[in-house]
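>>> model this:
(2 chains)
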Amino acid sequence: MEAVLNAMTTKTKAIYAKRLKDTDYNNLVQKRSVPEIASYLKNETYFRDSLDGINEKALHRGQLEILIRNDLIIRLSKILRYAFGSKATGFTDTIATQSEINLIQTVIRSFVIRDYDQVVAKLPVIIESHITFDLKAIVACRSFDELLSVLKGTPYHDIVERYAKTDMNDFDFTGLDQELHRYYYQRMQDFVRNSFKGEDREAVEELFNTEVELDNISKIYRLKKYFNASPAIIRSLITPIYSRFSKKDIEDIIEHTDADHVFDRLMDSSYKNYIKEVNFLYIEHTTKMINYNMNKRQILFSSDPNLVLYAYMVLMGIEIENIIDIIEGVRYKVPVDQIKRMLIY
Amino acid sequence: MSIVKMKFASVISDHEHLDAMLMASSRSGLLHPELAINIINEDNGGKVLNEENNYSDYLNNLKNLANSIGLTIKEREDSSKSYSKEEIESFIKDLSKDIELSSCGEDVLLTEDDRKALDKLSECDFEALHSCQYMHFDFGRLPLDSYKKLSYADNKTVETCILHSNSQYHWVVVATSNTFYGDVRKLLNSLFFEEIRIPNIDVHEVISRYEERLEDIYAFCLRNDELYHLYDYVTIMDDKDYTLSGFIPANKEEEYRAAFKDIPVTIKLEDPSERPDLKAPTLLKNNRFFEPFEMFVEMYSLPDYKDFDPTVFLGITYCLLFGIMFGDLGQGFLLFLGGTYLYDIKKKKNKLFGIISRIGIFAMVFGFLFGSVFGDEEILVPVHQTLFGTEHKLIEVMDGSYTMILLGGAVAIGMILILVSMGFNIYKNYKRKAWGELLFSTSGVAGFIFYSYVIFAAANMVLLGGNVLTAPFIIIFVVLPFICFLLKEPLTEKLEGKPMTPKEGWPSFIMQGLFEMIATILEYVSNTMSFLRVGGFILSHAGMMLVVMTLVGMTGVAGPVVFVIGNLFVMGLEGLIVGIQTLRLEYYEMFSRYYDGGGKKYVALASVR
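Residues are numbered from 1 along each chain as shown, chains lettered A, B, ... in the order given. Below is the predicted model:
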């Protein structure tokens, strides 16, 4: 099995080699409109197949984003052809979980804004076979009762039930989002624990825990900087998963560190090895950069198929965000150098 | 069997006759044009012709308008008259107004797929769609995944019909009642529906009214659009002389002049040597037998205009080596038959068919000498006995005692070919007056002397038992050439009157040179041994056919079927392998010694209608 799975490493690395490079990013940021970006992606990059046949001039940027995101799922399924029944195939289920959470959040928001078309637009049709509830029924939901009946038998039922209300004016969206996220992280942890063994498991776990920890740091920074949130609120909104910071360190940051020093603490930690130059733009840019460099190191030097695949998915997620940043930047006529600074590659 | 001699032709006209001149030149099909930017320099003060080409836009507009009413424009040779830009613009405006064509985005051009979908929709009659009182119809592109999403939505209020699809979209017509139209439209927008407005016209009436004029204007615009593309080749001299320059075959001079007989132009012809700033294009000319082999030369790189054409040598050696490796009278005959039918009779353009036909002849010749017909090694025995007076066959490929002869023969052929290649290299450098390369390089005179001596010494020792490996011979034929190889660069500099001292200093130069000597010796050995494959493939071909014939014997009544399939299999598999291996020998062992390529292909200006 190990020898067979090496094919998956090779395939992942081969597909990774086709990623967008410096030249592509330099060319993309120079474009002056979304059709030009679509045309470049279609003609000059590996998105060729996914964008083949599009009418660049009429293409909506939202549809372009969907096609790019779908392309990652198609690539994942291509890689998983080499998984030969290994538990790595569960990666698709974790993506489905994320899509399910996004859809549930959209449905609940539609109760407030009364825009049910958005639910139809957000349907994850590309992985519909992995979705655990009835899509046709969820599209028709107009109340919590209907939603709970659709979610019956799924882990989401109990979470949503705890927040269900008839009066949506004081609905606790943050709490629900946080709880759904926690569920996702829990699902990911279970997947890693149950699917992989030994060093393989430890390495994937480390990458995953780091991602969550960096997300926590970003949250702490933002909650302190912009919301002046109390330690109790911060504690309730972060996920209790730790990697390079101990639980004690995080507690210390929550209790005693002001926002500006949160960044200093990050730069004083072992994470500093993953930042080439300290160029603070916004906190997520830094944490994503760290995450990017950690995963890039794994994909370049590791030969472990699951680790390489995990790193690939993270890196490609960041690539998609880069493209979306470029699309938004070009659309709102942000200066080229400013768009470039936002990109992580 | 050469590179066609060229003339540099400049045709000069005034602005009034510019278009006529360009058309005449392109219709002649003789000119390989040079871009104006290549002609212009500070000395001649030429300018580029910068004129905005509106005709591309006109063509697009006309195409879109025609598409929107489901009209396929029939292309004409020429328009019945000339149209001013104002006339064309006014026509487009009138037609657009009648069709009321507009898409969601202002600059959205309709594609071929849009046209197909509109064609299909036009079967419903656009007017009928618009005249419904309680129903509303929308038409456009819906992304595939959006279509799927739509199927999850409440479908009681909307009906869709797919008219056409590609890898990204369904072209759909969406029907809904006026009551639900607002909601449906909102849903469609959130699903990135790209609307194409349904033309609000009687298509047949519009077609009959505009078709004739539209096609005429289209033909006019098409001709002018093509003409505008030729402006890139026009240089303006002294603000009044519009010059089209390029290369024509020297022997077509009169024909080219005749193309301008009714146009007041001045034609100036120069020898390419008078224009060292421009690289003359290469047009190969070979007789019917060798012409297909030009494909292999082009694949590697065309020869420079000033060099020689290697096609004939390549053709002969390719046929010879392939014939030896694929020697079978029957299979060769089939190759010859197939290749000749496709290339010479059916006139297929792919030169590979011509090559197959030619190599088939040589496969037959060597098949006859090896006494092999479709793998049958006995059938020609009586013929050989009668013709050559041999006991059995002339060459017994499968007889162990012949193995070394075959391999030795293959290496001997390789040696001769390498020597001939060196000869070509010497000739090439003589023509270029590159004395250093000619005298001191490993494929020059020094290399030729060394390699011939080694061959002679080896042959003398093996065949006659003699020994010419004595000190004086070794000094003259081995040491001296090696000193030439080693000091090639300084000696070349000396011949050119420059100082001999290498840039990196003598010690470093000598050290580097000594290592290069080792590589040179290995190269001679590996180049020669590379030809062993020729002998190897004779044996492999015979071996594979032996397997086929054994299988034929074992399969009883199914024998003829196995015989046919086996032969076809060997022909396909081995034909391909031998073809590639021979090409490898041509490129690596021979071309690398005498051929540089780097030529520019002669491409005559495409004819403007």
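>>> quickly note the distance from the residue of the stretch 201-345 of chain A found nearest chain B to A:L28.
Using C-beta to the nearest C-beta, the single residue of the stretch 201-345 of chain A nearest to chain B is A:I327, 14.3 Å away. To be clear about C-beta, it is placed using only N, CA and C from the backbone, and glycine gets the same treatment. Between A:I327 and A:L28 the distance is 9 Å, computed by C-beta to C-beta, to the nearest Å.
>>> how is chain A partitioned into domains?
With domains defined by automatic domain parsing, chain A comprises A:87-195, A:196-301.
>>> tabulate those (JSON lines), appending mean pLDDT and distance to B:I395.
What follows is the domains of chain A, written out as JSON lines (pLDDT from 0 to 100; distance: least, C-beta to C-beta, whole Å):
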{"stretch": "domain A:87-195", "mean pLDDT": "88", "distance to B:I395": "60"}
{"stretch": "domain A:196-301", "mean pLDDT": "86", "distance to B:I395": "58"}
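>>> break chain B down into its structural domains.
Chain B is divided into the following domains under automatic domain parsing: B:2-44+B:231-274, B:102-198, B:284-396+B:576-600.
>>> which of those domains comes out lowest on mean pLDDT?
Between the domains of chain B, the one with the least mean pLDDT is domain B:102-198; it has a mean of 82.
>>> can you show me the CA trace of the one helix or strand B:L142 maps to as CSV?
Counting by DSSP states H and E, the secondary-structure element that holds B:L142 is strand B:135-143. Extracted C-alpha coordinates of strand B:135-143, given in CSV (Å, rounded to 0.1, in the frame of the first residue of the first chain):
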residue,chain,number,x,y,z
MET,B,135,-45.9,34.7,-20.5
HIS,B,136,-42.3,36.0,-20.5
PHE,B,137,-39.4,34.4,-22.2
ASP,B,138,-35.7,34.9,-21.4
PHE,B,139,-32.8,33.5,-23.4
GLY,B,140,-29.2,33.3,-22.5
ARG,B,141,-26.3,31.3,-21.1
LEU,B,142,-26.7,29.5,-17.8
PRO,B,143,-23.5,28.0,-16.2
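>>> next helix or strand past that strand?
Once strand B:135-143 ends, the next helix or strand along the chain (criterion: DSSP H and E) is helix B:144-152.
>>> what's that next one packed up against?
For helix B:144-152, the elements it packs on are helix A:61-80, helix A:117-121, helix A:135-139, strand B:158-165, strand B:169-177, judged by 3 or more C-beta pairs under 8 Å, 6 or more residues apart in numbering or on different chains; DSSP states H and E.
>>> follow-up on the earlier one: anything in contact with each of A:I327 and A:L28?
A:I37 (C-beta atoms under 8 Å, 6 or more residues apart in numbering or on different chains).
>>> burial count for whichever residue of the stretch 201-350 of chain B sits closest to chain A?
Shortest the stretch 201-350 of chain B-to-chain A distance, computed as C-beta to the nearest C-beta: residue-wise this is B:D225, at 20.8 Å. The number of residues packed around B:D225, counting by other C-beta atoms under 10 Å in any protein chain shown, is 17.
>>> ok, it touching B:S56?
Yes. With contacts counted by C-beta atoms under 8 Å, B:D225 reaches B:S56, the gap being 5.6 Å.
>>> and the helices and strands packed on helix B:144-152: which comes nearest B:G360?
Go through the helices and strands packed on helix B:144-152 one by one with C-beta to C-beta and the one that ends up closest to B:G360 is helix A:61-80, at 43.8 Å.
>>> that closest one relative to strand B:169-177, how many degrees between them?
Counting by axes from the mean of the first three to the mean of the last three C-alpha atoms, to 10 degrees, helix A:61-80 lies at 130 degrees to strand B:169-177.
>>> okay, the angle between helix A:61-80 and strand B:135-143?
Between the axis of helix A:61-80 and that of strand B:135-143 there is an angle of 50 degrees, by the same axes, to 10 degrees.
>>> does chain B have contacts with the helix or strand following helix A:61-80?
Following helix A:61-80 in sequence order, the next helix or strand is helix A:91-113 (DSSP H and E). No. Contact of helix A:91-113 with chain B is not found when judged by C-beta under 8 Å from any C-beta of the partner chain; the minimum separation is 11.2 Å.
>>> ok so B:G246 is a strand residue?
Yes. Secondary structure of B:G246 (DSSP: H, G, I helix; E, B strand; the rest coil): part of a strand.
>>> what distance do you get for it to B:K600?
Applying C-beta to C-beta, the value for B:G246 to B:K600 is 12 Å.
>>> what do you get for B:S26?
In this structure, B:S26 and B:K600 are 19 Å apart, going by C-beta to C-beta.
>>> neighbour count for those two, which is higher?
The residue with more neighbours, out of B:S26 and B:K600 and counting by other C-beta under 10 Å, is B:S26; that gives 24 against 15.
>>> does that one really touch B:A606, like I thought?
Yes. Look at B:S26 against B:A606 with C-beta under 8 Å: they come within range, at 6.6 Å.
>>> top helix in chain A by residue count?
Ranked by residue count, the top helix of chain A under DSSP state H comes out as helix A:198-227.
>>> elements contacting it?
Looks like helix A:198-227 contacts helix A:173-195, helix A:231-237, helix A:247-256, helix A:259-268, helix A:283-301, helix A:305-331 (3+ C-beta pairs under 8 Å, 6+ apart).
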